[in-house]
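1. below is the structure, and that's it, no one-letter string:
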C-alpha cells in the first residue's frame with residue numbers, strides 16, 4: 001500500500017505572492033475561502049507585459065483562497081486562450097514539467113460531438129483538452145452508469161468531489177467559463193479542505209494522515225466497452241495511462257504551492273474505499289467528512305453563475321459540488337467549458353503545517 005507520507009524528490013518551498021495583481025478590484029468572498037474579481041478580464045492578464053508574473057501570482061492566490069471568481073463577462077476569451085491560460089497556471093506554479101492539460105478519457109465517444117457546439121467554439125478548435133459541461137450530453141456520455149430508481153430524495157452529499165482523482169496524477173487547476181446559464185439555479189459550491197482539516201482534533205488528524213483511499217472510477221471503462229472505442233491515453237501526465245482508473249491517494253496531502261496540509265480524498269463519487277480499515281470504519285470516516293462540510297457552512301463559497309462569468313479553483317485544497325436543480329427551471333440551459341491542468345502525484349510532507357498554524361491563527 002502506498003505511503004501517505006512520501007514527499008517527492010522535487011518537493012519545493014512554498015511560493016510567495018509578489019503583488020503584481022494588486023491593481024485589480026476584488027472582494028474576499030469570506031474570511032476563509034474565495035475571492036471575486038469584479039471587473040478583471042482574464043484576456044488582459046494573459047496579454048499583459050508581465051503576464052507570467054501576474055499568472056503566477058494568480059495561481060498563488062487561487063491556491064491560498066481555494067477558488068477565485070471573475071464576475072465580468074469573459075466572452076472575449078477564446079477556447080485556445082482559455083487552454084493556454086490554464087496550462088500556464090500549472091506550469092508557472094511549479095507542477096512537474098512533463099505534465100499538461102487533462103485529456104478527457106471518453107473524448108472518442110460519439111456523444112462528445114454535440115457537447116462541443118457552444119458559442120465560443122468552432123470546428124477548427126475541437127480538442128481533447130477541454131470538457132464541455134452540458135447536462136443532456138452528460139446523460140448520453142455516461143448512459144452506461146446504472147440508474148438509481150429510488151423514490152427517496154437524492155443524497156446531494158455525493159456531489160462533493162475534486163477533479164480527476166481517478167488519475168494517478170489528479171488535477172491542480174480547473175477553469176470553468178459558463179457560456180449559458182438558467183435564469184436561476186445551477187450554482188456551484190466550493191468548500192475549503194484547509195479549514196476542514198483544521199477543525200479536526202489533533203489526535204484524529206494524526207490518524208487520518210496515515211491513511212490512503214482508493215479512487216476507483218469504472219464508468220470510463222464501462223462506457224468505452226459499451227461504445228466500442230479506446231480510452232484516451234496519456235491524459236495530461238505520462239503516469240495517467242491505461243484504463244484501470246483506481247489509484248490510491250492520501251486522505252491528507254500537503255499543498256505544493258502553499259505548503260499547507262489539506263484534506264484530499266475524503267468525499268465524492270471518485271472515492272471508492274478507504275484502505276486498510278473495516279467496512280464500518282470506512283463508512284464512519286467518510287460520513288464524518290461529509291458531516292464536517294454540513295456543520296461548517298462558513299467554509300463554503302457559492303458561485304451564482306452569470307453569462308460568461310468564470311471560476312478557477314485548485315483541486316488540491318477545495319471540494320466542489322454543482323447544485324442539481326436546473327430541471328426545476330423550465331427551458332433552462334447550462335453550458336460551460338472547463339479546462340483542467342494536471343498536477344503532481346499527491347503526497348504528505350509530515351513536516352508541513354496546517355493553514356491556521358502557518359498563518360498564526362487560533363485553531364478554534
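-> Looks like it arrived, so ask away. Since the model is a prediction, treat every value here as computed from it, not as a measurement.
2. look up phi and psi at residue 89.
-> For residue 89, the backbone dihedrals are phi -60, psi -50 (criterion: degrees, to the nearest 10).
3. can you name every helix or strand that the strand ranked longest in the chain contacts?
-> Counting residues, the longest strand found in the chain (DSSP state E) is strand 171-180. Strand 171-180 is packed against helix 79-92, strand 310-314, strand 335-342, with contacts defined by 3 or more CB pairs under 8 Å, 6 or more residues apart in numbering; DSSP states H and E. Just so you know, the C-beta spots here come from the backbone N, C-alpha and C atoms, and that holds for glycine as well.
4. show the end-to-end separation of stretch 38-51, please.
-> Start to finish, the residues bounding stretch 38-51 are 19 Å apart (CA to CA, to the nearest Å).
5. actually stretch 304-314, not the one I typed
-> One end of stretch 304-314 sits 18 Å from the other (CA to CA).
6. ok, residues contacting it?
-> Here stretch 304-314 makes contact (CB atoms under 8 Å, 6 or more residues apart in numbering) with 42, 58, 62-63, 66-75, 86, 89, 172-181, 186-188, 190, 255, 257, 303, 320, 334, 336.
7. would you mind listing the buried residues in it?
-> In terms of neighbour count (16 or more other CB atoms under 10 Å), stretch 304-314 has its buried residues at 305, 308-314.
8. what does stretch 236-248 give?
-> Under the neighbour-count criterion of 16+ other CB under 10 Å, stretch 236-248 has 236-237, 239-240, 243, 245-248 buried.
9. tell me which element the residue in the chain sticking out farthest from the centre falls in.
-> Residue farthest from the centre of the chain, counting by CA atoms, centre = their mean, is residue 151 at 30.5 Å. Residue 151 belongs to no helix or strand when elements are defined using DSSP states H and E.
10. from residue 90, how far off is it?
-> Separation of residue 151 from residue 90 (CB to CB, to the nearest Å) stands at 44 Å.
11. same check, this time on residue 215
-> Using CB to CB, residue 215 is found at 20 Å from residue 90.
12. would you tell me which helix is longest in the protein?
-> helix 279-295 (DSSP state H).
13. now it: buried residues?
-> Buried positions in helix 279-295, judged by neighbour count with 16+ other CB under 10 Å: 282, 285-286, 289-290, 292-293.
14. thanks again, I'm all set now.
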